[in-house]
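A.B. asks: Sequence isn't available, so here's the structure alone:
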């Protein structure tokens, strides 16, 4: 009888152990439901695709941003290159001409490179050059009056602008403001199937919409920056037109340093790029504005 009791107790222990193991497996398989959805994911209705995000959410990059006191300090930034490009080449002509670093750190593999070009204005030389190399080029401009189309074997055009929202947005500067269709960088990448693909070159010549791009990426999707090798931007700093600070006296250096000045806004984004691993390797004046190119080193 004692032996039978021990056998029964042993059977109960095995049953309890089986139940505990089953509960552990069930908990692990469903515990993702307890994860907190980020404010960005909640705002846009569904969680983003699962992927490592070491520089987002609770793991955001800590970045020191020095104060900006004058326009002289602002322009000094462009004279202090953080990386020396040994093999600098020019792609495009006239207003479409952009500097591209062809060093091994940014090696572009023909037939396996990807370029996003925002802001065309009917100047295709930059996009066509990359397309001729065999790169897949995705060109965007909502202001040209052209529908989506395949320009060539490797160059595809979209009537769409870049912004920090999905929908209609006023695009342009001064009296040239008008409503056009825009979307966020994260949505555009997903639409193209490039979310986890290396972007060899990202060009932004978008009449101040670069501010909305930087705001959205730095605040909401900084993890997307690690897939970009080079970023080229025409910076519309010191703009005094409709929609921003119109009271600044451009002859008074200190007046441009108000909190809503484009100088202050761009200054912060320059340093955030640095904190995410981007180094300035080229800058030049283009009329009133400055063109700058950063590499992800």
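C.D. replies: Here it is on my side, so go on. Fair warning: this is a prediction, and the values are worked out from it, not measured in the lab. Numbering: from 1, shown residues only.
A.B. asks: okay, CA-based contacts and neighbour counts for the rest of this
C.D. replies: Fine.
A.B. asks: Surely residue 189 forms part of a helix?
C.D. replies: Yes: under DSSP: H, G, I helix; E, B strand; the rest coil, residue 189 sits within a helix.
A.B. asks: which residues of the stretch 151-297 of the chain score low on pLDDT?
C.D. replies: 174-176, 239-256 (pLDDT under 70).
A.B. asks: How are the helices of the protein distributed by residue range?
C.D. replies: For the chain, the helices defined by DSSP state H cover 2-30, 39-43, 71-76, 125-132, 185-192, 209-220, 262-275.
A.B. asks: Quickly list the domain ranges of the chain.
C.D. replies: 2-35, 61-296 (automatic domain parsing).
A.B. asks: pLDDT averaged over the first one, what's the number?
C.D. replies: pLDDT averaged over domain 2-35 equals 46, rounded to a whole number.
A.B. asks: is it true that residue 150 touches residue 156?
C.D. replies: Yes: look at residue 150 against residue 156 with Cα atoms under 8 Å: they come within range, at 4.5 Å.
A.B. asks: So for the two, which residue has more residues nearby?
C.D. replies: Comparing residue 150 with residue 156 by other Cα atoms under 10 Å, the one with more neighbours is residue 156, at 18 against 13.
A.B. asks: Can you list the low-confidence ranges for the stretch 1-150 of the chain?
C.D. replies: Applying pLDDT under 70 to the stretch 1-150 of the chain flags the ranges 1-61.
A.B. asks: if you set the cut-off to 90 instead, what comes out?
C.D. replies: 1-62, 93-96, 107-111 (pLDDT under 90).
A.B. asks: re earlier: most packed of the domains of the chain?
C.D. replies: domain 61-296 (a mean of 17; mean count of other Cα atoms under 10 Å).
A.B. asks: can you pull the contacts of residue 92?
C.D. replies: By Cα atoms under 8 Å, 6 or more residues apart in numbering, residue 92 lies in contact with 98, 124-129.
A.B. asks: try residue 132
C.D. replies: residue 154.
A.B. asks: just residue 152 next, same as before
C.D. replies: If you count contacts by Cα under 8 Å, 6+ apart, then residue 152 has residue 131 around it.
A.B. asks: nearest residue to residue 133 other than its sequence neighbours?
C.D. replies: residue 110 (5.8 Å; Cα to Cα, 6 or more residues apart in numbering).
A.B. asks: need the contact list for the one you found.
C.D. replies: Taking Cα under 8 Å, 6+ apart, one finds 133-135 in contact with residue 110.
A.B. asks: what's the distance between residue 84 and residue 228?
C.D. replies: 18 Å (Cα to Cα, to the nearest Å).
A.B. asks: now do residue 106
C.D. replies: Taking Cα to Cα, one finds residue 106 at 10 Å from residue 228.
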